[in-house]
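>>> I would like to see how this sequence folds:
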Amino acid sequence: MIVIGPRAWLFGVAATPVAMLVAWKANSWATGAGLASVVLLVAVVVDALFAVDPEHIEIERDAPRSVVVDTVGVVSWVVTNRGARRADLAVADSLFPSFGAPRRFVMSLTPDERGTALVDIRPSRRGRFELESVTVRTFGPMRVGARQRGRTIADTIRVVPAFHSKREVELRMQRARLLDIGSRSVRAFGGGTEFDQLRDYSPDDQFRNIDWAATARAGRTIVRQYRAEQHETLLIILDNGRLMAARAGGVTRLEHAMDAVMALASVTDRMGDLVSLVTFDANVHDIVAPSRGMAHLRRFTEEMFDLEPVLGESDYAAMAAEVLARFRRRVTVVLLTDLAPAVVEASLGAAVRALSLRHDVVVGSVVASEVNEWLDTVPGEPAEAHLVAAAAAAVSHRATATIALRAMGAKVIDAEAGRLGPALVDHYLTKKAMGR
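Residues are numbered from 1 along each chain as shown. Coordinates of the predicted model:
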């Protein structure tokens, strides 16, 4: 396909005086304009015919398989001129606007020369991004005309969720390591209930841990050392319905929930427990069977990276029925959703009650930090007074929902934006320390 080159306007400017002269001689502006258009069209076509055929330009794209949101990845192109003449060309790729990178680059290649172009991408949202088309445009010697052709080069870039609370979770992993080797952890009670080994008594040991038979044999005080139980199962249930589309801290509640999933999965795996994942909205979707290891944690990312909140009601009853059918032995269930009194009363409460009869249930949710900020604000005008009243009503409604869920047997953790993951990890490690 022949297209107008970047310097066509210069040729048009140069031809304008000639067109005006012809129009004055012929006493017709239409004749002058027509002549100028014909001259410009002929120049574009002739110049384009001297351009290298885009079919002679080879392009290879190298794109990363996956990139974390708000981190930098590199996309590169290798362009080779297989034509017999020098090629001045431009390449436009189908990069998405959310990548925050230029989509077009230019280069000049002699025959059989190979050039490389690099661009940094910094995706601002999650998802699966299909790169399909690349357009090559070669320019004529005067750059008045050009030849253009598109081609298909398929690549897929998966933008996975960022683990924002990773640093805080790593600090808590120190506590997990203490539990893992049988220490008492940072708390004064607990230490696990799974027997690990016998050792000499120390002043900090509890009297009930003394092994009297071993003490009699050794002639000195011996205590039993315990460690946190391993190979227990943690089931994480991720709500993907309309409640998770609401924003808190600048992103959707679903983003905070996914950060909490990665935090819990990382610590659980380090502690030697098994972790499973269920996602649902109007239907129950992905169920990742309980397991552990880095490959298993990567599968969590695979299941979550392209999730977007479904703007419909979540079916809590179907979720509870599916979980009860698949998990018959007692496990710890962490349900990540939002606290809406109407939903708790209509469906969420009944599902939590059913799950609590067999499993230990924890409900995790995120409250927008802006709500608490407005609660601490002294209104100076009527509009601010309305916002303060709305914030107070929202807090009251969440407190009502929390009380209702606790009455149904669930532990409720309602954390501020960015704090849900660490709060759930703290709760999990506390339970491990207490041997529960």
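
>>> going forward, measure contacts between C-alpha atoms and count neighbours the same way
OK.

>>> and the chain, what are its domains?
1-160, 233-433 (automatic domain parsing).

>>> can you list contacts of stretch 154-173?
Contacts to stretch 154-173, defined as CA atoms under 8 Å, 6 or more residues apart in numbering, come from residues 63-70, 123, 125-133, 255, 258-259, 262-263, 267, 270, 301-302, 304-306, 418-419, 421-422, 425-426.

>>> low-confidence stretches in the chain?
Scanning the chain for pLDDT under 70 picks out the ranges 5-37, 39-40, 175-196, 226-230, 434-436.

>>> which parts of it are helices?
Secondary structure of the chain (DSSP state H): helices located at 8-26, 29-49, 166-180, 212-218, 253-270, 294-304, 316-326, 341-343, 349-356, 369-375, 382-407, 420-433.

>>> of those, flag the one that's most buried.
A comparison of the helices of the chain by mean neighbour count, using mean count of other CA atoms under 10 Å, puts helix 253-270 on top with a mean of 24.

>>> ok, longest strand in the chain?
strand 145-160 (DSSP state E).

>>> could you export that one as CSV, CA atoms only?
Extracted C-alpha coordinates of strand 145-160, given in CSV (Å, rounded to 0.1, in the frame of the first residue of the first chain):
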residue,chain,number,x,y,z
GLY,A,145,5.9,8.8,-0.6
ALA,A,146,6.1,5.5,1.4
ARG,A,147,5.1,1.9,1.1
GLN,A,148,3.4,0.2,4.0
ARG,A,149,2.4,-3.3,4.9
GLY,A,150,1.2,-5.0,8.0
ARG,A,151,2.1,-8.5,9.2
THR,A,152,1.2,-10.8,12.1
ILE,A,153,3.8,-11.5,14.8
ALA,A,154,1.9,-13.1,17.7
ASP,A,155,3.2,-12.7,21.3
THR,A,156,1.5,-12.7,24.7
ILE,A,157,2.6,-10.6,27.6
ARG,A,158,1.0,-11.5,31.0
VAL,A,159,1.0,-8.7,33.5
VAL,A,160,0.8,-10.2,36.9
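
>>> quick check: neighbours of that strand in the sheet, parallel or antiparallel?
As defined by DSSP bridges, the strand partners of strand 145-160 come to strand 2-4 (antiparallel), strand 66-68 (parallel), strand 127-139 (antiparallel).

>>> want to try JSON lines for those, with distance to residue 325 and mean neighbour count as columns?
Below are those laid out as JSON lines (distance: least, CA to CA, whole Å; neighbours: other CA atoms under 10 Å):
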{"stretch": "strand 2-4", "distance to residue 325": "63", "mean neighbour count": "18"}
{"stretch": "strand 66-68", "distance to residue 325": "35", "mean neighbour count": "19"}
{"stretch": "strand 127-139", "distance to residue 325": "31", "mean neighbour count": "20"}
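
>>> circling back: buried residues in the longest strand of the chain, which are they?
Buried residues in strand 145-160, counted by 16 or more other CA atoms under 10 Å: 145, 146, 147, 148, 150, 155, 158, 159, 160.

>>> and what of stretch 116-130?
Residues 119, 121, 122, 123, 125, 126, 127, 129 are the ones in stretch 116-130 that count as buried (16+ other CA under 10 Å).

>>> who's the first one bridged to?
Read that as residue 119. Here residue 119, judged by DSSP bridges, has bridge partners residue 75.

>>> that one contacts residue 64, doesn't it?
No - counting by CA atoms under 8 Å, residue 119 does not reach residue 64; the two are 11.8 Å apart.

>>> what do the two both touch?
74, 75.

>>> partners of residue 81 in the sheet?
Residues in beta-bridge contact with residue 81 (DSSP bridges): residue 57.

>>> thought it was touching residue 112?
Yes - at 5.1 Å, residue 81 counts as touching residue 112 under the criterion of CA under 8 Å.

>>> looking at the two, which one has more neighbours?
residue 81 (26 against 16; other CA atoms under 10 Å).

>>> contacting residues for that one?
By CA under 8 Å, 6+ apart, the contact list for residue 81 reads 56, 57, 58, 87, 109, 110, 111, 112, 113, 114.

>>> again, only this time at 6 Å
57, 111, 112, 113 (CA atoms under 6 Å, 6 or more residues apart in numbering).

>>> closest one to residue 294 out of those residues, please.
Residue 294 lies nearest to residue 57 out of the contacts of residue 81, by CA to CA, at 42.1 Å.

>>> tell me how far the closest one lies from residue 130.
Distance from residue 57 to residue 130, counting by CA to CA, to the nearest Å: 23 Å.

>>> go on, residue 218?
Distance from residue 218 to residue 130, by CA to CA: 69 Å.

>>> again, but for residue 118
19 Å.

>>> can you check residue 174 too?
40 Å.

>>> same check, this time on residue 388
45 Å.

>>> residue 408 now?
From residue 408 to residue 130 the distance is 45 Å (CA to CA).

>>> got it, and residue 44?
For residue 44 relative to residue 130 (CA to CA), the value is 34 Å.

>>> do residue 113 as well
The gap separating residue 113 from residue 130 is 29 Å, by CA to CA.

>>> I'd say residue 242 and residue 314 touch.
No - using CA atoms under 6 Å as the test, residue 242 is too far from residue 314 to be in contact (7.4 Å).
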